[in-house]
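Peer 1: Predicted model and sequence follow; I will ask about them next.
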Amino acid sequence: MPTEPIVLPMPGQLAGDAYRELERAVLRHRHGRTVVLDCAGLATLDSLGAAHLLRLIVEARHAGLDVRLTRLADAVRRTLAEVDPAILEEEARPRRHPLEVIGAGTLAAADAAGDVGALLRETAAGLTVPFGRGGIKWDRTIQQMALVGSAAVPIVVFISFLIGVVLALNGAQQLRQFGAAIFIANLVGISMTREMGPLITAIIVSGRTGSAITAEIGTMVISEEIDAMRTMALNPVRFLVVPKVLALMLMMPLLTVMSNIAGIVGGYLVGVVGLDLGSHAYLSQTVQALFISDVMTGLVKSVVFALLIGLVGAYRGFAVRGGPEAVGRATTSAVVTAIILCIVANAGFTAFFYYTG
Amino acid sequence: MTHADGDRLLVVEDLVAGYGDEIVLEGISLAVDPGEILVVLGATGSGKSTLLRCIVGLVAPRAGRVLIRGRDIHAAGSAEREQILRDVGLAFQEAALLNSMTAAENVALPIVEHWDVDEATALMLARLRLASVGLARAADKMPAELSGGMRKRAGIARAIALEPGLLLFDEPSAGLDPITARAIDELILGLKARGDMGIVAVTHELGSINTIADRAVMLARGKIIATGTLAEVRATPDERVQAFFERRLLAASEHGSLADTLEWQR
């Protein structure tokens, strides 16, 4: 048998203490009950009163209560009818249990991983057809290579040079105590090629190119350009993502090599000018210290970082919904996500190479 | 599918669609043949644009089918879908031209991709299409350099680039001054006069509706509330139809969930 509705009298004015009292009276009832507000005592309703009433209805619905109004005065009915009822839906922000929040977050993360996986599959499929109709857009790829690669050279070289200098200065303090200053060449050479070079390049490219990818695709999403491409049976991944990812995968290793060289030059200057190490001695120590595998490790990493930056940038771009401000948010999150993923992947690589020799 | 459905250009059957928890379209059925213009009317938020997006495959329906020349676009694999879409052109409300390309390059894009022609030929063909919508001189301009009306024309030129059998318009004259809007309507009538194209136009502009509609379907809250020739739709006694044609605003309670709250009487 359905439970009897609870009837509560509406106060003459919906403001201040009277409103708060009514709110308490309504919300203390159990989930599933019907609460009827008897409005006979409410002669008029101003917009603030209407806002209070709507807020109360929204909150009551969250609490699982069915709120009904009865014996409305004509003036009150008119005021309520003028109010846009969409407010009711927009304000509906459920208060969720923490477990529910964690669950929803996990599901969203799984969805995102699935979407990135789908993007990866489509991109990989696009990369397997090098020429012809439906193949890689080489003109767009070359254009992207210039944007991704050559335009980034000055900043990559400058930052890497400074990192090389800083590494050498920090190392010098320690190593000089043991009369082993020459090993700065090892320190700088190995850390630049294996770790710092690829990582610095990845961070700079995330900031420059990853963000640009998200902004471009996100803007195209909100101006319906992506939809337009789909309705013309053009695959946006092949048009937009494949050239960018390919350009990144081709240019990042080159940028990494430049970063390595700039860092080593920074260390060299500190060693030769600051620590009076012989120029020839420093260089031959560097060459002795470095194995081809060190350099290759860094280059393999850089290709993986390129893929991560490209896919995350594209994914965040395609996921943009709403207006221009959503593009800004997506751009920020693309950069943050790409940098985090690159650092995590780098840690994984380092551990892997450490244990496998 | 009946035999007759296979012969029709566009058949929408019992379409149900929505986003998340919200059902936007419920039980929509309609059909279009070559040489006619079907206008889909309705107030903002009635589900018109979602209907178009379902027809071109951008939104997957929860139930029902969209058949274009007898082929179900949502059941088609990617190769078949591509074939179906080559026969469909959609002119977006804001044109949705690719901003990094000139008007001519925009129009040439589907031609280069889907027809066996080289780029120079495709660009020439694109110029012809642009000329046919009155944009011969704007072919080399970027979308940002075009006015709203010109962008819409360029979007139409791109939609007809592959000479589709089914042409769709999303709010073709919305946001334009009356003269430009009239010119777009004339353009649509000109396309219809070719006789081989079926046209669906989604709009809430009374001027356009009166000018171009052969038949009309009116949506309200995702359901068809009136259908038939324009005269028949106008004669539907439903309050919402009458309010639409008289440009009256319905009470807010007609649209939203406040109504059931207000209506309860002990």
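Peer 2: Noted; the coordinates are in hand.
Peer 1: Tell me if stretch A:311-321 is near chain B.
Peer 2: No - looking at stretch A:311-321 against chain B by Cβ under 8 Å from any Cβ of the partner chain, there are no contacts, and the closest approach is 10.3 Å. For every residue, glycine as well, the C-beta is placed using N, CA and C.
Peer 1: Run through who's touching that stretch.
Peer 2: The list of residues contacting stretch A:311-321 from outside it, by Cβ atoms under 8 Å, 6 or more residues apart in numbering or on different chains, reads A:112, A:115-116, A:119-120, A:123, A:209-218, A:220-222, A:226, A:236-237, A:240-241, A:244-245, A:326-327, A:330-331, A:333-334, A:337-338, A:341.
Peer 1: Take those and keep only those in helices.
Peer 2: Cross-referencing those against helices under DSSP state H gives A:112, A:115-116, A:119-120, A:123, A:211-218, A:220-222, A:226, A:236, A:244-245, A:326-327, A:330-331, A:333-334, A:337-338, A:341.
Peer 1: Just the buried subset of those residues, please.
Peer 2: Burial by neighbour count, 16 or more other Cβ atoms under 10 Å in any protein chain shown: within these this picks out A:116, A:119-120, A:123, A:211-218, A:220-222, A:226, A:236, A:244-245, A:327, A:330-331, A:334, A:337-338, A:341.
Peer 1: which of those residues are close to chain B?
Peer 2: If you filter those for contact with chain B, counting by Cβ under 8 Å from any Cβ, you are left with residue A:220.
Peer 1: which residues of chain A fall in strands?
Peer 2: For chain A, the strands identified by DSSP state E occupy A:6-9, A:34-38, A:66-70, in order along the chain.
Peer 1: ah, wrong one, I meant the stretch 151-266 of chain B
Peer 2: B:166-170, B:198-202, B:215-220, B:223-229 (DSSP state E, counting those that start in this stretch).
Peer 1: Need these in JSON lines (columns: mean pLDDT, mean neighbour count and distance to residue A:282).
Peer 2: Supplementary listing: these in JSON lines, determined by pLDDT from 0 to 100; neighbours: other Cβ atoms under 10 Å in any protein chain shown; distance: least, Cβ to Cβ, whole Å:
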{"stretch": "strand B:166-170", "mean pLDDT": "93", "mean neighbour count": "25", "distance to residue A:282": "67"}
{"stretch": "strand B:198-202", "mean pLDDT": "93", "mean neighbour count": "25", "distance to residue A:282": "72"}
{"stretch": "strand B:215-220", "mean pLDDT": "91", "mean neighbour count": "24", "distance to residue A:282": "77"}
{"stretch": "strand B:223-229", "mean pLDDT": "91", "mean neighbour count": "17", "distance to residue A:282": "80"}
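Peer 1: Which among those is found nearest to chain A?
Peer 2: Checking the strands of the stretch 151-266 of chain B against chain A by Cβ to the nearest Cβ gives strand B:166-170 as the closest, at 8.5 Å.
Peer 1: contacts for the closest one?
Peer 2: So strand B:166-170 is contacted by B:9-10, B:32, B:49, B:52, B:55-56, B:68, B:87-93, B:156, B:159-160, B:188, B:191, B:197-203 (Cβ under 8 Å, 6+ apart).
Peer 1: partners of it in the sheet?
Peer 2: According to DSSP bridges, the neighbouring strands of strand B:166-170, each with its direction, are strand B:88-91 (parallel), strand B:198-202 (parallel).
Peer 1: Can you give the distance of it from its chain's centre?
Peer 2: Here strand B:166-170 is found 4 Å from its chain centre; the criterion is Cα atoms, centre = their mean, to the nearest Å.
Peer 1: repeat for stretch A:223-230
Peer 2: For stretch A:223-230, the gap between its own C-alpha mean and the chain's C-alpha mean amounts to 22 Å (Cα atoms, centre = their mean).
Peer 1: Share the number of residues neighbouring the closest residue to residue A:250 other than its chain neighbours, please.
Peer 2: Nearest-residue entry for residue A:250: residue A:145, 6.1 Å, with adjacent residues in sequence omitted and distances by Cβ to Cβ, 6 or more residues apart in numbering or on different chains. Here the number of neighbours of residue A:145 (other Cβ atoms under 10 Å in any protein chain shown) works out to 20.
Peer 1: Now do the same contact list for residue A:145.
Peer 2: Residues counted as contacts of residue A:145 (Cβ under 8 Å, 6+ apart) are A:247, A:250-251.
Peer 1: Looking at neighbours, which among those is most surrounded?
Peer 2: Counting neighbours by other Cβ under 10 Å, the one among the contacts of residue A:145 with the most is residue A:251, which has 25 neighbours.
Peer 1: Could you check how far that one is from residue A:12?
Peer 2: Using Cβ to Cβ, to the nearest Å, we find residue A:251 at a distance of 73 Å from residue A:12.
Peer 1: Residue 105: how many residues sit nearby?
Peer 2: You didn't pick a chain, so chain A it is. The local packing of residue A:105 (other Cβ under 10 Å) involves 10 other residues.
Peer 1: meant chain B actually
Peer 2: As a burial measure, residue B:105 scores 19 neighbours (other Cβ under 10 Å).
Peer 1: try residue B:139
Peer 2: Residue B:139 is surrounded by 22 other residues when neighbours are defined as other Cβ under 10 Å.
Peer 1: residues touching the closest residue to it other than its chain neighbours, list them.
Peer 2: Counting by Cβ to Cβ, 6+ apart, residue B:104 is the residue found nearest to residue B:139 once chain neighbours are left out, at 4.1 Å. Residues near residue B:104 by Cβ under 8 Å, 6+ apart: B:123, B:126-127, B:130, B:139-140.
Peer 1: Okay, and residue B:104 sits in which element?
Peer 2: Secondary structure here is read from DSSP states H and E; on that basis residue B:104 sits in helix B:103-114.
Peer 1: Surely residue A:243 touches residue A:148?
Peer 2: No - with the criterion set as Cβ atoms under 8 Å, residue A:243 and residue A:148 do not qualify as a contacting pair; they are 10.1 Å apart.
Peer 1: Now tabulate the contacts of residue B:104 in JSON lines and tack on pLDDT.
Peer 2: Rendered in JSON lines, the data for those read as follows (pLDDT from 0 to 100):
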{"residue": "B:123", "pLDDT": "93"}
{"residue": "B:126", "pLDDT": "93"}
{"residue": "B:127", "pLDDT": "92"}
{"residue": "B:130", "pLDDT": "92"}
{"residue": "B:139", "pLDDT": "90"}
{"residue": "B:140", "pLDDT": "92"}
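Peer 1: Any of those residues buried? List them.
Peer 2: With neighbours counted by 16+ other Cβ under 10 Å, the contacts of residue B:104 contain buried members at B:123, B:126-127, B:130, B:139.
Peer 1: With respect to residue B:183, which of those is nearest?
Peer 2: Within the buried ones among the contacts of residue B:104, proximity to residue B:183 (Cβ to Cβ) peaks at residue B:130, which comes in at 14.8 Å.
Peer 1: what helix or strand is the closest one on?
Peer 2: With the criterion set as DSSP H and E, the secondary-structure element containing residue B:130 is helix B:119-132.
Peer 1: what does stretch A:162-180 contact?
Peer 2: A:181, A:183-184, A:187-188, A:191-192, A:196, A:200, A:262-271, A:274-275.
Peer 1: Can you show me the helices along the stretch 101-250 of chain A?
Peer 2: Under the criterion DSSP state H, counting those that start in this stretch, the stretch 101-250 of chain A carries helices at the ranges A:138-148, A:153-177, A:184-190, A:197-205, A:211-222, A:225-231, A:236, A:242-269.
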